[in-house]
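J.: here is a sequence with its predicted model. Questions after.
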Amino acid sequence: MNIKKLICAVLTPVMLFTACSGENNGTAADVNPSDVVSAVLKEIPISSSVEKGTEDVGSYYSGMDISELDSAAFALCGSGALPDEIGVFKFKTSDAANTAQDALQSKLDSRKESFATYTPDEMYKLETAEIYSVGNYAVYIALEDNEKAKEIVNEKLKG
Amino acid sequence: MAKKRKNGLSIAIVALNMVIVGIIILLIVLIYFHMKEDTGNNRTDPPSVTSSDTFTDSESETDTPAITHETSGTSPITETPESTSELPEDTTAETEDTASTDDLILPQYDRTFFEDDLFIGDSISTGLHLYDYLDAENVFAEVGLNPESAVNHKVGDVTCVEKAAAMQPKHIYIMLGTNGLAYMDTEYMSKKMTELVSELEMACYTANICIISLPPVTKEHDAEGKETMEKINDYNSRLKALCDQGGYTYVDICSKLSDDEGYFSSNYAEADGLHFQGSAYALVLGTIQNQIG
């Protein structure tokens, strides 16, 4: 009986602390998408880069529900010569951010199809592209160094 | 005696609890300072993310605390045509010549002149709206598009013919062929261009169809042997003949973008010797407006 009490006494505070620490997983800070894109471009520039904002999302990313979009920023090669692209999309809800991944995946598939015969040397950027969501943010990365770009994005989203 | 032992045990349990809580608090404080030190040393600890290929459970996402939608300072960045970023150091752009781009005297163009028009083209034409020279609705362009693929290829769920039919533009400008030069015969490409023009004509019988010549390539690009000036000039001659026979408008931008030797001027050419710098779009639009207007 005493041993049972002892075990309970030890486990109760441990369980309490374990439960508390689980609440903050998977959160994203409230950051401006253009700040995130700028931070990435500073480290991994795009040749002939053009930077676009919220109002351009609808015409460029077909299939994305812009009624759920809060703000966005994306950059790509303006001359169309390269597949380089980075996009950060802040949505009103995390569900909308998750759903946006489908539209981003369609964009990536389309780019892969176009660039496969066009500039095969550039395909590695698309083959290692990253599409994911963090909280209310959806992210598209197809750059020279996607791993490094993802690190920068995640660091900024962490706040 | 038994009651005394029971009380003693209760006190011992409370004391033990307090010791454990103390140790845990101490551990948390130690971990906190350790992490803070790590951040100072630029060591990143990526947050929990959901990859598209592994995403199956949205529960953790919905558990995310609500994010405050602070709109201040979130104004989108839209570059003006002149504000392109610098090329990376590893590109082979002729910086000596491009440095003088600011001094170029470009023909004027009026954005509103093209507001009822449709441009059909390849990756080069995507720059018309990406560089913000024209609205996206006035441009149907896709990387890799050529006279053969243009009829059936869809951009945003519609083909160029479907888009033209819905839009009924005043002018339709077509600049296609650069992508086919490396592996298609110029005669075959001009035949495909004729078919495309016929389709567009049927869909928009009131539209003025204008065929824009292929732009030149730089001497360096020409030397690679894929897209050469010889092929470009041959194809452009065929396009002009097509326009003369069909009553369409032919717009020669090739000579406008060429240098003294007949190659793509480094004032307008991208590093790859094929695509456009921003200044080239202004020249093309100004040339078209001068001729059509």
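T.: Received the coordinates, thanks.
J.: helices along chain A, start to end?
T.: Taking DSSP state H as the criterion, chain A contains helices spanning A:2-21, A:33-43, A:57-60, A:94-118, A:123-127, A:146-158.
J.: select from those the stretch with the lowest mean pLDDT.
T.: Mean pLDDT per stretch puts helix A:2-21 lowest among the helices of chain A, at a mean of 53.
J.: strands paired with the longest strand seen in chain A, and their directions?
T.: When chain A is parsed with DSSP state E, its longest strand is strand A:69-77. Strand A:69-77 sits in its sheet next to strand A:49-53 (antiparallel), strand A:85-91 (antiparallel), going by DSSP bridges.
J.: so what touches the longest one?
T.: Right, the one you point to is strand A:85-91. Residues outside strand A:85-91 that contact it (Cβ atoms under 8 Å, 6 or more residues apart in numbering or on different chains): A:33-34, A:36-37, A:40-41, A:46, A:57, A:61, A:64, A:68-77, A:97, A:100, A:104, A:111, A:136-143, A:149, A:153, B:69, B:74. In this view, the C-beta of every residue, glycine as well, is placed from N, C-alpha and C.
J.: buried ones only from those residues, please, as a PyMOL command.
T.: Remark: buried members of those, expressed as a PyMOL selection using 16 or more other Cβ atoms under 10 Å in any protein chain shown:
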select buried, (chain A and resi 33+34+36+37+40+41+46+57+61+64+68+69+70+71+72+73+74+75+76+77+97+100+104+111+136+137+138+139+140+141+142+143+149+153) or (chain B and resi 74)
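J.: in CSV: the helices of chain A, plus distance to chain B.
T.: Output for those, formatted as CSV (distance: least, Cβ to the nearest Cβ, whole Å):
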stretch, distance to chain B
helix A:2-21, 5
helix A:33-43, 5
helix A:57-60, 4
helix A:94-118, 4
helix A:123-127, 11
helix A:146-158, 4
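J.: would you list those in TSV and tack on distance to B:Ile13?
T.: Converted to TSV, those look like this (distance: least, Cβ to Cβ, whole Å):
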stretch	distance to B:Ile13
helix A:2-21	5
helix A:33-43	51
helix A:57-60	60
helix A:94-118	43
helix A:123-127	60
helix A:146-158	40
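J.: for the ones you listed, which one sits closest to B:Phe140?
T.: helix A:57-60 (11.5 Å; Cβ to Cβ).
J.: just the CA coordinates of stretch B:261-280, formatted as CSV?
T.: Below are the C-alpha coordinates for stretch B:261-280, written out as CSV (Å, rounded to 0.1, in the frame of the first residue of the first chain):
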residue,chain,number,x,y,z
GLU,B,261,26.0,42.5,-85.6
GLY,B,262,22.4,41.2,-85.7
TYR,B,263,22.5,39.4,-82.3
PHE,B,264,20.5,40.1,-79.2
SER,B,265,21.8,43.3,-77.7
SER,B,266,23.2,42.9,-74.2
ASN,B,267,21.1,46.0,-73.3
TYR,B,268,18.1,43.8,-73.4
ALA,B,269,19.2,40.2,-73.1
GLU,B,270,19.2,38.1,-69.9
ALA,B,271,22.2,36.2,-68.8
ASP,B,272,21.2,33.1,-70.8
GLY,B,273,21.2,35.2,-74.0
LEU,B,274,17.6,34.2,-74.8
HIS,B,275,15.2,35.8,-72.3
PHE,B,276,14.4,39.4,-71.7
GLN,B,277,15.6,41.9,-69.2
GLY,B,278,12.8,44.2,-68.0
SER,B,279,13.9,47.0,-70.4
ALA,B,280,13.2,44.7,-73.4
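J.: how far does it sit from the chain's center?
T.: 18 Å (Cα atoms, centre = their mean, to the nearest Å).
J.: enumerate the positions of it that are buried.
T.: Buried, per 16+ other Cβ under 10 Å, within stretch B:261-280: B:263-280.
J.: go through the strands paired with strand A:69-77 and pick out the most buried.
T.: strand A:85-91 (a mean of 26; mean count of other Cβ atoms under 10 Å in any protein chain shown).
J.: take the buried residues of stretch B:261-280 and keep only those in helices.
T.: Counting by DSSP H, these contribute B:Gly278, B:Ser279, B:Ala280 to helices.
J.: still on that earlier bit, report the angle between the longest strand of chain A and helix A:94-118.
T.: 20 degrees (axes from the mean of the first three to the mean of the last three Cα atoms, to 10 degrees).
J.: list of residues touching strand A:69-77?
T.: A:32-34, A:36-38, A:41, A:46-54, A:56-57, A:60, A:83-92, A:96, A:136, A:140, B:69, B:71, B:74, B:76-77, B:130.
J.: against B:Ala136, how distant is B:Thr126?
T.: 10 Å (Cβ to Cβ, to the nearest Å).
J.: so for those two, which residue has more residues nearby?
T.: B:Thr126 (27 against 17; other Cβ atoms under 10 Å in any protein chain shown).
J.: give me every residue that touches that one.
T.: B:Thr126 neighbours (Cβ under 8 Å, 6+ apart): A:Gly80, B:Val139, B:Ala141, B:Glu142, B:Val143.
J.: if you rank these by neighbours, which is first?
T.: So for the contacts of B:Thr126 (other Cβ under 10 Å), the most neighbours sit at A:Gly80, 28 neighbours.
J.: nearest residue to that one other than its sequence neighbours?
T.: Closest residue in space to A:Gly80, ignoring its immediate chain neighbours: B:Ser123 at 3.2 Å, by Cβ to Cβ, 6 or more residues apart in numbering or on different chains.
J.: quick one: the strands in the stretch 51-200 of chain B?
T.: B:118-121, B:139-141, B:154-155, B:158-159, B:171-175 (DSSP state E, counting those that start in this stretch).
J.: just put those strands in CSV and tack on distance to B:Gly247 and mean pLDDT.
T.: Formatted as CSV, the strands of the stretch 51-200 of chain B follow (distance: least, Cβ to Cβ, whole Å; pLDDT from 0 to 100):
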stretch, distance to B:Gly247, mean pLDDT
strand B:118-121, 19, 98
strand B:139-141, 23, 97
strand B:154-155, 28, 90
strand B:158-159, 24, 96
strand B:171-175, 14, 98
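J.: so which residue of chain A comes closest to chain B?
T.: Residue nearest to chain B within chain A (Cβ to the nearest Cβ): A:Gly53, separated by 1.7 Å.
J.: can you pull the poorly scored residue ranges out of the stretch 1-150 of chain B?
T.: Where the stretch 1-150 of chain B drops to pLDDT under 70, the residues are B:1-9, B:32-104.
J.: count the neighbours of the closest residue to A:Thr99 other than its chain neighbours for me.
T.: Excluding the flanking residues, the one nearest A:Thr99 by Cβ to Cβ, 6+ apart is A:Asp65, at 6.8 Å. Using other Cβ under 10 Å, A:Asp65 has 14 neighbouring residues.
J.: which residues are in contact with A:Asp65?
T.: A:Ala96, A:Thr99, A:Ala100, A:Ala103.
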